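*Asks:* one predicted model, sequence on top.
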Amino acid sequence: MVRAFGARFMVAHHPEERIVQNATEGLWPYPEQLHEIHRNLHLIGQLGATDGDDRITFPLMSSDQTELLQRRPDLHCLPEAGYVCLHPGARDAAKRWPVERFAAIGDAFASSGWTVVITGSEAEQALASGLIATMRHRAVHAACDVSIGALSVLFSRARLLISNDTGGRTWPLHWVCPAWWCSSPPILAAGHRWTAAAMR
């Protein structure tokens with residue numbers, strides 16, 4: 001795929017034990033034992049770049065604030081650190097934690113006085129509605145068509161984010177606030193590759 005983009009040089013990990021370095025590519029053995037962050041740092045380190053900083057950041061832009069305010073002013077006005085976000089969606093249904101468990105968590109937080117906000121994409125509105133219907137307490141429906149940036153503003157003001165394994169679209173958002181990532185059993189079995197929870 002990288003070659004299809006017309007790249008003149010490709011750098012990657014590969015499943016073989018040998019190192020390949022020539023005029024068009026640099027390939028190193030896949031470091032299975034490393035965390036995903038450190039795998040990527042290992043790769044750029046092979047190119048001579050500094051690889052000592054493993055902190056993850058997700059900058060918030062003023063345009064993100066403006067978008068959330070314009071598209072969902074009700075969400076923009078939620079009290080900072082006064083709510084908990086539940087993100088029950090995932091493109092792969094096999095990676096979704098059961099709605100009933102999200103509902104139980106949501107009710108537990110709501111009964112303790114927290115505002116519970118159900119997030120997701122526009123395509124996940126029905127899923128969010130189903131979760132809210134399953135809960136015994138009131139929750140805010142926030143599944144809507146906004147950018148990652150606008151969603152990150154909502155998450156950054158939350159006290160906690162509890163989310164399914166959503167893949168690449170929302171992974172950066174797990175680092176703008178304290179987060180707990182729920183994973184399916186097959187992924188948890190590969191514990192050497194991913195951590196099941198990211199708490200800060």
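*Replies:* Looks like it came in fine.
*Asks:* endpoints of stretch 147-165, how far apart?
*Replies:* For stretch 147-165, the separation between the terminal residues is 18 Å (CA to CA, to the nearest Å).
*Asks:* list the buried ones in that stretch?
*Replies:* 149-165 (16 or more other CB atoms under 10 Å). From N, CA and C alone the C-beta is placed, and that goes for glycine too.
*Asks:* do stretch 125-137 as well
*Replies:* Neighbour-count burial for stretch 125-137 flags 125, 127-128, 130-132, 134-135 (criterion: 16+ other CB under 10 Å).
*Asks:* still on that earlier bit, inside helices: which ones of the buried residues of stretch 147-165?
*Replies:* 149-156 (DSSP state H).
*Asks:* before we move on, back to that, including distance to Pro15, secondary structure and pLDDT, could the buried residues of stretch 125-137 go into CSV?
*Replies:* Shown next, in CSV, are these (distance: CB to CB, whole Å; DSSP: H, G, I helix; E, B strand; the rest coil; pLDDT from 0 to 100):
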residue, distance to Pro15, secondary structure, pLDDT
Gln125, 40, helix, 95
Leu127, 36, helix, 95
Ala128, 39, helix, 96
Gly130, 40, helix, 97
Leu131, 39, helix, 97
Ile132, 44, helix, 98
Thr134, 43, helix, 98
Met135, 45, coil, 98
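*Asks:* ok, longest helix in the protein?
*Replies:* The longest helix of the chain (DSSP H) is helix 99-111.
*Asks:* following the chain onward from that one, which element is next?
*Replies:* Using DSSP states H and E, the helix or strand that follows helix 99-111 in sequence is strand 115-120.
*Asks:* how far is that next one from where the chain is centred?
*Replies:* The chain centroid and the centroid of strand 115-120 are separated by 15 Å under CA atoms, centre = their mean, to the nearest Å.
*Asks:* likewise stretch 3-11?
*Replies:* With CA atoms, centre = their mean, you get 28 Å for stretch 3-11.
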